[in-house]
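**Student:** sharing a sequence plus its predicted fold:
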Amino acid sequence: MSVHPFRQVNVFSTDPLLGNPLAVVHDAGELSDARMAAFANWTNLSETTFLLPPTDPRADYRVRIFTTMGELPFAGHPTLGSCFAWLAQGGVPQGAEIIQECAIGLVRIRQGADGLAFVAPPLLREGPLEADVLERVRAGLGVAAEDVVDAQWAVNGPKWLALRLCSRAAVLAIKPDYPALEGLMVGVFAACDAGDGVDTQFESRAFIAGEAAPEDPVTGSLNAGIARWLLREGLAPERYVISQGTALGRAGRVRVEVVGEDLWVGGECVTCIEGSVTF
């Protein structure tokens, strides 16, 4: 048995109960893959991360990211939450930015007055959904064909596809048929307008059929992929906020900002639980 420092942090909200929780295990280098996967399944959260020494000398730490079903090469809310926990545990970056090592490579993270932000990875797959995939997803979400403005791949590690809908109301009205979406990672979003009475420019939701919590409260990787799509097509300003989690009673806020050649995606984090875990 071994004892490890542990934190459960809330990501994308300053209210500990209104963002997306993340379990973080520190000093996890001696844990086996099977033990990590079992603990992630036990926490029953959308993701659990394990912090290890980096293998690349340019990195400040290495992270492995697990859902209840398996390991991810990259994810947004675990990136921010893991960095926040690493700093809270006394981590000191080598340079002005924090460099995270994960399965997709090195990810740059910055600290600011409004929290942490990561540089969005490039899209590994983009472009329109195939007609049969679109029809399957539309039917599985229960979305009317006339409510779909566009549908594209937004793969940046996780294999997201996304539907752009006609209104925030259409996004919030979705009641998915999860068996019909099995094997897919589906995001939906829409622009907000003045009549919505909200302080954000877009609203999104994320569905992963088969997970213990099949609707993710707030999703960094999906919103990073959506941001690349919107900015590529001139559909969003270079700085905006997207809300997520509304349908679950959460109040997630994801900040997107273009600085030079970099697309930064970020939000605020707060520690909810701190202690140790025994394996």
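**Tutor:** Received, thanks.
**Student:** stretch 167-179: how far from the chain's middle?
**Tutor:** From the chain centre to the centre of stretch 167-179 is a distance of 19 Å (CA atoms, centre = their mean, to the nearest Å).
**Student:** can you check stretch 196-214 too?
**Tutor:** So, by CA atoms, centre = their mean, the centroid of stretch 196-214 is 11 Å from its chain's centroid.
**Student:** put the alpha carbons of it into PDB.
**Tutor:** Output of stretch 196-214 as PDB, limited to C-alpha atoms (Å, rounded to 0.1, in the frame of the first residue of the first chain):
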ATOM      1  CA  ASP A 196     -31.200  34.900 -23.700                       C
ATOM      2  CA  GLY A 197     -30.300  37.200 -20.900                       C
ATOM      3  CA  VAL A 198     -26.900  35.600 -20.200                       C
ATOM      4  CA  ASP A 199     -23.400  37.000 -19.900                       C
ATOM      5  CA  THR A 200     -21.700  34.700 -22.400                       C
ATOM      6  CA  GLN A 201     -21.500  34.600 -26.200                       C
ATOM      7  CA  PHE A 202     -22.100  30.800 -26.700                       C
ATOM      8  CA  GLU A 203     -23.600  27.900 -24.900                       C
ATOM      9  CA  SER A 204     -22.400  24.300 -25.300                       C
ATOM     10  CA  ARG A 205     -23.100  20.700 -24.100                       C
ATOM     11  CA  ALA A 206     -21.000  17.500 -24.300                       C
ATOM     12  CA  PHE A 207     -22.200  13.900 -24.400                       C
ATOM     13  CA  ILE A 208     -20.100  10.800 -24.100                       C
ATOM     14  CA  ALA A 209     -22.300   7.700 -24.200                       C
ATOM     15  CA  GLY A 210     -21.100   4.900 -21.900                       C
ATOM     16  CA  GLU A 211     -19.400   7.000 -19.300                       C
ATOM     17  CA  ALA A 212     -20.600   7.000 -15.700                       C
ATOM     18  CA  ALA A 213     -21.600  10.600 -16.200                       C
ATOM     19  CA  PRO A 214     -22.600  10.700 -19.900                       C
END
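**Student:** just the buried residues of it, please?
**Tutor:** 196, 200-209, 211 (16 or more other CB atoms under 10 Å). Every C-beta, even on glycine, is put in place using the N, C-alpha and C of the backbone.
**Student:** which stretches of the stretch 151-279 of the chain form strands?
**Tutor:** 160-165, 185-191, 202-208, 215-216, 239-244, 252-259, 262-267, 269-278 (DSSP state E, counting those that start in this stretch).
**Student:** check which helices and strands the shortest one sits against.
**Tutor:** Packed against strand 215-216, as judged by 3 or more CB pairs under 8 Å, 6 or more residues apart in numbering; DSSP states H and E, are the following elements: strand 202-208.
**Student:** so what touches the strand it packs on?
**Tutor:** Here strand 202-208 makes contact (CB atoms under 8 Å, 6 or more residues apart in numbering) with 67, 141, 160, 168, 171-172, 174, 176, 178, 181, 185-192, 196, 214-216, 219, 222-223, 226, 230, 236, 240-244, 246-247, 254.
**Student:** same question for stretch 243-257.
**Tutor:** For stretch 243-257, using CB under 8 Å, 6+ apart, the contacting residues are 12-13, 15, 18-20, 114-115, 117, 172, 174, 192, 198, 200, 202-206, 215, 217-220, 223, 227, 236, 238-242, 263-268.
**Student:** likewise for stretch 170-189?
**Tutor:** With CB under 8 Å, 6+ apart, stretch 170-189 has contacts from 136-137, 139-143, 147, 154, 158-165, 190, 202-210, 214-215, 219, 222, 225-226, 242, 246-247.
**Student:** do you know which of the strands of the stretch 151-279 of the chain lies nearest Q8?
**Tutor:** strand 269-278 (3.9 Å; CB to CB).
**Student:** quick one: mean pLDDT for the closest one?
**Tutor:** Average pLDDT, strand 269-278: 97.
**Student:** same question for stretch 103-121.
**Tutor:** Taken as a whole, stretch 103-121 has a mean pLDDT of 96.
**Student:** where's the dip in pLDDT among the buried residues of stretch 196-214?
**Tutor:** Among the buried residues of stretch 196-214, E211 has the weakest pLDDT, 87.
**Student:** ok, that one - contacts?
**Tutor:** Counting by CB under 8 Å, 6+ apart, E211 has contacts 46, 67-69.
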